Each structure stands twice: as C-alpha cells, then as structure tokens.
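K.L.:
Return a 3D structure for these sequence lines:
(4 chains)
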Number of protein chains: 2
Amino acid sequence: MVSTRSMERSIERTGRRMTRTRRALIDAIAELGDHFTAEQLTDAVSGVGRATVFRNLRLLQDTGVLCQVVLRDGTTEYRVTPGGHHHHIVCSNCGNISDFENCDISDLLAEISRRTGYEIDAHRLEVYGLCAQCAALPSMPAKSLAGSASA
Amino acid sequence: MVSTRSMERSIERTGRRMTRTRRALIDAIAELGDHFTAEQLTDAVSGVGRATVFRNLRLLQDTGVLCQVVLRDGTTEYRVTPGGHHHHIVCSNCGNISDFENCDISDLLAEISRRTGYEIDAHRLEVYGLCAQCAALPSMPAKSLAGSASA
DNA sequence: GGTTCTACTGAGACTGAGTATCATTCGCCT
DNA sequence: AGGCGAATGATACTCAGTCTCAGTAGAACC
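P.N.:
Purely as a prediction, here's the structure:
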C-alpha cells in the first residue's frame, strides 16, 4: 500500500496546496485500501463536498497517484496506481483487482495496426475473471460466468 | 451496411413484435450509418420517447444487431455489429470506427492468467489512433495525440 | 504577527446517459 | 372483431460527474 506521505508529496510536487481537506481525502484513501468508489470516498470524509471529492480524484489521477478501473458492468472504481502503464484484472466474484504490466500487447497492437492501417496511440484493456482463491471455491459454478463483457 | 430487413428479422427471431416505432428506429439506424450516439438516434426519430430509444438500443444489442463502442473520452457510441467477438479501433481525428476480429489476444490472456493466477472469462479492449487517411494528412501534428487513454 | 493574493472549498444547481413507473396504445392471435 | 399482453410515451428518477460562485484558508511576503 502506498503511504499517505507519498501521496501528499505527489500533490506538493505539482505546486498545489496541501489543505486539510486534501489530507482528509488522502487518509481516507489509505483507509479504504486497494480500490474504492467515489461514493465510498465521499462517505468516508463526511463534511467534504462531492464536487471537492471529484476534483481531487481527478487531481490524484493527473498526478499519477490514482487510476480508474472500469468494472465489468461499466461502473468505475478508483485504485492507487502502481505507476507506469498497466492494466487491471478484476475478480468477478470478490471484486479484487490486480495489475499487470509489461504485457505483450505491443505485438498485438502492431498486428492490428498492420491489418487496419491505423496509427495506434492509445488503448484501453480491462480483463475480468476469477482470482485464484475464488476459482478454487468448490461451491461456485465458475463456468456460469462465461461470456464476454463487451468489445 | 446491414440492411434494415435483416435488423427486423433479428427482432422477429426473438419473438418480439415489429412495431412502427421499431421500424422507425431501424430505418434511422440505417440512415445514421456506421456509428451514432443515443442522442443522435433520439433526434432522428422525433416523437419516439427517450426511454423507448434506450429500450430498443438494448434490445438490438441483446439480439446482436448493435454493439457499444467506448470512446477515448469514456462516452459511448453504438455501432452495427459485424457479429461475433470483435474489438474496435477508433480514429481520434475523424471518429471513424473499424472492427478487428480473430485478434491474437488469447495468447496474451493466457500469459496474464499464468502470471496473475486468474481464471479469465471476459475482457474489454478498445484501441485508439489515427486512421490511414487522417494519419496521412500533412497539416495535423499526429504525434501530439500520443499518450495512453487509461487502463 | 498581519496582509494579501489566489487556490481551494462547499453548497447546490446542473448535465448526460440511462432506468423505473405507469397509464395508454397497438400488434397479433383467434 | 375482441382480447391480451407487449410495447410505448411521458415523466420522474438515478448515478456519476461537472459548473458556478461566494466564502475560506494556505502560504508567501512584509
């Protein structure tokens, strides 16, 4: 887990002010842990306006502290980012999120570029499935979740 | 372009009624062409309620006539689907959308599965860039668009 | 410590995309 | 032609996020 101190430093580095509201938000994010929704964060810092929560969520994304995760149903969560380009894999059962980096998507993109003639400059990839723990649960008919989310 | 007739058949095949509203929507979709927003469709069929537009957008997605495309900015468009599992590549300049299928993502997913321990059952992939025409335009500083959309 | 400047905040109205409700309409089967 | 239930339109609502604007409070300077 990333420390509150390093999150604060990320904001300071941009020349922004370190206000008590921002400190409260950062503490709450550290409390909430791995991943959380905007609503959870708003609830966790009572007294802070919703607009401010969203403003700072955006700021923290811009400074590379947080990233957005698009869930299977299209809703979004926020997550303390490991930094750098990465993708998410979300457990459909327990909601846990893992990151993976250095994925070999560049070959795939090159092939797509060759086939479509496009000059690719960005992509969006989210992967869904069952984490090792949930896949191991005997009670759950894992296969019933089969089917592609979209795209 | 998929014919209005085949779209109608897709609905009939599900046992749904072919109403004049649905015909109007299907005609409008054929008119709008390749890709369109829910708002454009609503505007194109004046007199049809917004709720009905969304209901039928969903129905047409469920019957495999349409698919959703998530744009770089997170907004969604609808698109007549080529059928089967496929992904989209969207031109950041002109907005054109192309599909690609048979992509070699399964190897990538297998590797991700091996690394993370997840049992993968779905994914979401959208690719952004410049189509061949737009990339060829001399006036546009194509490189300025560089950077990843997210995820 | 006081001033000042301006970024930041909170409240609340607003937006855009989509959903729920419900009375009315209209396909379609007989 | 009648009847039934699916489909519709109007409208209110939700959810996630943005805009506005007056008030507050960091922080830099004296």
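
K.L.:
can we go C-alpha only for contacts and neighbour counts from here?
P.N.:
OK.

K.L.:
Which helix or strand contains A:F54?
P.N.:
helix A:50-62 (DSSP states H and E).

K.L.:
what packs against that helix?
P.N.:
On a contact count with 3 or more Cα pairs under 8 Å, 6 or more residues apart in numbering or on different chains; DSSP states H and E, helix A:50-62 meets helix A:38-44, strand A:66-70.

K.L.:
Please work out how many residues are found near A:G117.
P.N.:
15 (other Cα atoms under 10 Å in any protein chain shown).

K.L.:
That one contacts B:A132, doesn't it?
P.N.:
Yes. Between A:G117 and B:A132 there is a contact under Cα atoms under 8 Å: 5.2 Å.

K.L.:
Note down every partner strand of whatever helix or strand A:A122 lives in and its orientation.
P.N.:
If you go by DSSP H and E, A:A122 is part of strand A:119-130. Sheet pairing of strand A:119-130 (DSSP bridges) gives strand A:87-91 (parallel), strand B:119-130 (antiparallel).

K.L.:
and the ones you listed as a markdown table, adding mean pLDDT, mean neighbour count and distance to B:F54?
P.N.:
As requested, the strands paired with strand A:119-130 are arranged in a markdown table below (pLDDT from 0 to 100; neighbours: other Cα atoms under 10 Å in any protein chain shown; distance: least, Cα to Cα, whole Å):
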| stretch | mean pLDDT | mean neighbour count | distance to B:F54 |
| --- | --- | --- | --- |
| strand A:87-91 | 95 | 24 | 28 |
| strand B:119-130 | 95 | 22 | 22 |
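
K.L.:
between the ones you listed, which gets nearest to DNA strand C?
P.N.:
Proximity to DNA strand C (Cα to the nearest atom of the strand) singles out strand B:119-130 among the strands paired with strand A:119-130, at 15.6 Å.

K.L.:
and the angle for the closest one with strand A:66-70?
P.N.:
Counting by axes from the mean of the first three to the mean of the last three Cα atoms, to 10 degrees, strand B:119-130 lies at 110 degrees to strand A:66-70.

K.L.:
Mind listing what's buried along the following helix or strand past strand B:119-130?
P.N.:
Toward the C-terminus, strand B:119-130 is succeeded by helix B:132-136 as the next helix or strand (DSSP H and E). Using 16 or more other Cα atoms under 10 Å in any protein chain shown as the test for burial, helix B:132-136 gives B:C134, B:A135.

K.L.:
Let me see the confidence value for A:L60.
P.N.:
If you check A:L60, the pLDDT there is 97.

K.L.:
State the distance from it to A:R16.
P.N.:
Here A:L60 is placed at a distance of 11 Å from A:R16 (Cα to Cα, to the nearest Å).
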